[in-house]
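Q: after the sequence you'll find the predicted model.
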Amino acid sequence: MPPSIHPFDLVAALRHKHLTPAIVFLTSRRACDDAMQAIQRSQVTLPPQRQHAISLVLKELSTQYPSIAEHPLLQTVERYGVAAHHAGHLPSWKIAIEELMRQGYLDAVFATTTLAAGVDFPARTVVLTQSSVRKTREFTDLTISEVQQLAGRAGRRGKDFVGFAIVTPSPYIDIDVITKGLTGHPEPIDSQFVIAYPMVLNLLKAHPLDHIQGILARSFAQFQLNRRAEALEAKQDAVHKQMEPYGPRVCTDWITQWQIFDLARKQKAQRAHIRRREPPELMARWQFLTPGRVVGLPKGRGVVLRQYRSRGERCPMVTVLRPGGHVTECPAAMITHLYDRTLEVEEAREFPWCTVDSLGHLIEELSELPTRIPNLPILVQEEAEETEITLTLNDEFPCPTCPSRLPCQKDHATALRLRQELQRHTKTIQAHRTGLWHRFQERTEVLQRYGYLTSTCHLTEDGEWARLIRIDPSLLITELIRTEAFSGIEPQILAGIMASIAHDDDRPGSFPRISHGLASLLGQVRKLAQSLAPHEDPPLLRADVAALAERWVGDTSLTWIRLCQTTTMAEGDIYRLLARNLEFLSQLHTLRATHPGLADTASRAIKALRRDVLEELP
Amino acid sequence: MTTDELEKLLTKLPVSQLHMLARGRIHRHFRLGKRRLVEALLGHVSVNRGGLESDLQALIQQSPPPSQESRPRQKPGSAPAGVGRAGNKQRAPSEAGHAEPAVPASDLSAFLDGIGVPPPQPLVPDAWQEEALGHLATTDVIVSVPTGSGKTYVAIEAAKRAIEADRTVIYTSPLKALSNTKFTELSKLFGADQVGILTGDRRDNPHAPLLIMTTEILRNLLYDAASGEIDVRLDTLGLVIMDESQYIADPERGVVWEETIIFCPAQARLLLLSASIGNPQEIAAWLTSIRPTPCHLVQHHRRSVPLRAGYLHPNGKLAPLFRSVGIPHGHGALLHPETKRLFAQYEDATLPSR
Ligand SMILES: Nc1ncnc2c1ncn2[C@@H]1O[C@H](COP(=O)(O)OP(=O)(O)OP(=O)(O)O)[C@@H](O)[C@H]1O
Ligand SMILES: [Mg+2]
């Protein structure tokens, strides 16, 4: 048995059962093109009247879109009544196929699933041959919404009594995904709100800083976060109830007291078995130097952010946050005091080893600590039996002889778990309520560093024009302008650079020749993009697409067909590249008040760019 | 556990769980159908039997017992021996062991019955279309209905009414291609002088009462308006139509929909058109919380043209996909017996030879 039905048999079966017109979704552009070739080889053509009807529609359309008349697949579509529709085609060709489909002249269209939302493209039947799609390099199962969007194209109102979604097996199908998609309830959608630099600049242009938090609060993102926070608050109330039996005992904070006592006890017991190189005193402290611990140093205090061992000597080290926000590395041996106080730290895996939120809180809390904090009692002893330990600990802790010892021992695990749960909820609620605002602040800090915002969050002279650049990667583009990388360059070089910035597709293409000027400027752009990487994802900056745009803008006698012949990129991809480039260049053009030279170069590039097929659509 | 027992257990797992097991064990497992997954997992036994078995046990113990109604009648003794308490906690086998339901499965002729073209009829608006238009006079409206229902009709009627009242209308779509189609369509309907289009690099007729643009362009206009520099009149704006607004969930572009809605002038009505989404109530609640008037939600799941699902075998044989003619809703939909048989045959035949 073949791994999947032959495209010709598929179309024949659909025709036979009156299931045409149909949209056949295939996994790749390649598969669509191969299917078209298979149809061509079959030599089963449409009756002449139908061929004629198709050719009339195409002729009519080609007065508006001349490129249609030159399309290599024109005759195939006319003769066989079958077409392919995917992102490798020019928009004009896709419009033609859509129009033919709307008028009901085609029997089948092979399409990729990129034809998802928004294209008016209905049919009687939809054929599904796959259950997963490629999304940024990985295959993921179709969601219920996606299956329903695809299948939902079947059954045209006013033209069909009934529509069909037909599944046909292939190596790419899991039938369960499809049936679940057809019968299930679509997934709820989640906000994808991100705070980008242009958003920050434009908000601060129009609104004072103290209004911003209120504006961000109007987002769907915050709406959803609030709902989650409210759900957590309800949980928190429930945990508070459960905590009731574990209120103050002989000591007010008996949970912490017992925890430390318990830790000390365990640690001592362990010490009996382990030999170390470090002095026992240091090792005793080491256990307590966990993130959040307040410590005393020869000069002032600090709070531990991380505990680690140095690379070479493997000395015990800690990273300490000092008042005022300095983060220092120091050997654990240097710590003079261990205080009986810990602060909440939301740990992170890289410098500064905690989240920015949490860093802010810590700095504040550090400055507010009372002058006198009790020391943490730590016992240093080499060998000891459990009872002995407990006895010696009696000097430091009230626990061993406390009347509440037994209840504390019994309840401690539960109480601690509940308390930790509460703390976790508090942290998450905090994060939900203030997260967007903190991300906004992170952005303002970067914009301040690069001179687009003043320290009071007003737009600087550079910020005033930079806010007009509203495309990604905005920081790279504005930095290029600010550092005058574009001054005095030719339109085709500008177009080349903008093309490499605009193009985010990793589908390989080939184009060997690139001018020296463009290549060296591209190198400069790469370096800048790399230096901005902590603040903005660098674009691919492909040289081949840069060269392609350079060629098209630089040589206005070049025809579209000739341009396409110089690369392996599909013409639809070239079109999208140049169309996007047009948009990017128009953004540069909006800077004419402040950067007349650049705006002029951009408008010359736009003029040269917009010709041939790029003139067909607005 | 013997290999036979393992195989039995594996075949009783739903495919999603097989994929969970296959993760990191079998290259490109997402490409495999159920039978082939089971085969591949059995083939993996020689690499690390213990790991697979313990993961499998964990999976079986995690999954909840099948609910009362959907539990198939367990044939006595059909639980594989030697799996202990896990044995009676497995999921309902999806392939075998079903007692066939009383209602007979539909046959192909019933499935294909009624294909054809309805006679032309004057367009009578549906109740939900009227409902949306009615509410739009006073509030924002979200329409969440299946694909192909006739959302465009609502958009066009609403635009007509707004233009008659001397208000500007903006129609946004996520794609330039769709903007173009709509521009052509609406220019025919309203007259070329009444419709304008704005793209990143071009403005045709930007002072027309009905403007078409992508959502990004509108967002930019609103930012320009906020800082007081603008060449399109927003003070007369009466209606903003956002087509395909399920794009608010797009990872890259979704934020633009939020910005546009946040900054949409208070005097303009918002009309959000979307295909079926899971939580339109939540979006309506959000709009209600930030807009001057409470948002009205128009929602239904009925398809205006009924949809049926079929299975086409590689040899050209067609069968209904489900036991019923129409597409059932909810979990545990039963495959048509013929489709079940054909698909099993397909998986057998295309199995890599061992
Ligand atoms: N009340 C009606 N009665 C009959 N036909 C209608 C009615 N309303 C709309 N239609 C027709 O339904 C068809 C589909 O409508 P439309 O394109 O607006 O769907 P849609 O809901 O926008 O779908 P999509 O989600 O695919 O964008 C059109 O051909 C339209 O003429
Ligand atoms: Mg629509």
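A: Everything's here; your move. Ligands and ions are numbered 1, 2, ... in the order given.

Q: could you check the pLDDT of the residue of the stretch 451-600 of chain A found nearest chain B?
A: Nearest residue of the stretch 451-600 of chain A to chain B: A:Glu583, at 3.3 Å (CB to the nearest CB). Any C-beta I mention is one placed from the backbone N, CA and C, and that applies to glycine too. pLDDT, A:Glu583: 92.

Q: next: the one 5 residues further on.
A: What the model reports as pLDDT for A:Leu588 is 96.

Q: how about the one 4 residues further on?
A: At A:Arg592 the predicted local distance difference test score is 95.

Q: circling back: doesn't the residue of the stretch 451-600 of chain A closest to chain B belong to a helix?
A: Yes. Assigned with DSSP: H, G, I helix; E, B strand; the rest coil, A:Glu583 falls within a helix.

Q: that one: neighbouring residues, count only.
A: A:Glu583 has 20 neighbours, counted by other CB atoms under 10 Å in any protein chain shown.

Q: same question for A:His438.
A: Neighbours of A:His438 under the rule other CB under 10 Å: 15.

Q: same thing with A:Ala485?
A: A:Ala485 has 14 neighbours, counted by other CB under 10 Å.

Q: ok, now which ones touch the residue of the stretch 51-200 of chain B found nearest ligand 1?
A: For the stretch 51-200 of chain B, the residue closest to ligand 1 is B:Gly150, as judged by CB to the nearest ligand atom, at 2.5 Å. By CB atoms under 8 Å, 6 or more residues apart in numbering or on different chains, B:Gly150 lies in contact with A:Arg157, B:Asp126, B:Gln129, B:Ser304.

Q: related to what we said a few turns ago, report pLDDT for the nearest residue to the residue of the stretch 451-600 of chain A closest to chain B once chain neighbours are set aside.
A: Ranked by CB to CB, 6 or more residues apart in numbering or on different chains and with sequence neighbours excluded, the top spatial neighbour of A:Glu583 is B:Gly200, at 3.3 Å. Note on B:Gly200: pLDDT of 78.

Q: okay, and B:Leu239 sits in which element?
A: Per DSSP states H and E: B:Leu239 is located in strand B:237-242.

Q: for A:Val109, that is, sorry about that
A: Per DSSP H and E: strand A:108-112 holds A:Val109.

Q: how about that strand and chain B, touching?
A: No. Using CB under 8 Å from any CB of the partner chain, strand A:108-112 never reaches chain B; the gap is at least 12.8 Å.

Q: any idea how far ligand 1 is from A:Val162?
A: Noted for A:Val162: a distance of 15 Å to ligand 1, by CB to the nearest ligand atom, to the nearest Å.

Q: for A:Glu350, same thing?
A: For A:Glu350 relative to ligand 1 (CB to the nearest ligand atom), the value is 45 Å.

Q: would you mind naming the helix or strand containing that residue?
A: Going by DSSP H and E, A:Glu350 is not in any helix or strand.

Q: and chain B, what are its domains?
A: Here the domain parsing of chain B from automatic domain parsing is B:3-61, B:127-299, B:308-350.

Q: do you know which of those lies nearest A:Leu56?
A: Distance to A:Leu56, taken as CB to CB, is lowest for domain B:127-299 among the domains of chain B, at 18.2 Å.

Q: first-to-last residue distance for the closest one?
A: Taking CA to CA, to the nearest Å, domain B:127-299 runs 11 Å from one end to the other.

Q: do the same with stretch A:578-597
A: End-to-end span of stretch A:578-597 (CA to CA): 22 Å.

Q: buried sites along it?
A: Judged by neighbour count using 16 or more other CB atoms under 10 Å in any protein chain shown, the buried positions of stretch A:578-597 are A:578-591, A:595.

Q: same question for stretch A:446-464.
A: Here stretch A:446-464 shows A:Val446, A:Leu447, A:Gln448, A:Tyr450, A:Tyr452, A:Leu453, A:Cys457, A:Leu459, A:Asp462, A:Gly463, A:Glu464 as buried, counting by 16+ other CB under 10 Å.

Q: make JSON lines from the residues you listed and add distance to chain B to it.
A: Shown next, in JSON lines, are these (distance: CB to the nearest CB, whole Å):
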{"residue": "A:Val446", "distance to chain B": "18"}
{"residue": "A:Leu447", "distance to chain B": "16"}
{"residue": "A:Gln448", "distance to chain B": "20"}
{"residue": "A:Tyr450", "distance to chain B": "20"}
{"residue": "A:Tyr452", "distance to chain B": "15"}
{"residue": "A:Leu453", "distance to chain B": "15"}
{"residue": "A:Cys457", "distance to chain B": "15"}
{"residue": "A:Leu459", "distance to chain B": "10"}
{"residue": "A:Asp462", "distance to chain B": "16"}
{"residue": "A:Gly463", "distance to chain B": "12"}
{"residue": "A:Glu464", "distance to chain B": "10"}
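
Q: where does chain A get nearest to ligand 1, residue-wise?
A: A:Arg157 (3.3 Å).

Q: that residue belongs to a strand?
A: No. Counting by three-state DSSP, A:Arg157 is located in no strand; its state is coil.

Q: skipping adjacent residues, who's closest to it in space?
A: Leaving aside its sequence neighbours, A:Arg157 sits nearest to B:Ser304 (CB to CB, 6+ apart; 5.1 Å).

Q: ok, now which ones touch A:Asp573?
A: Going by CB under 8 Å, 6+ apart, A:Asp573 touches A:Ala87, A:Gly88, A:Asp505, A:Arg507, A:Gly509.
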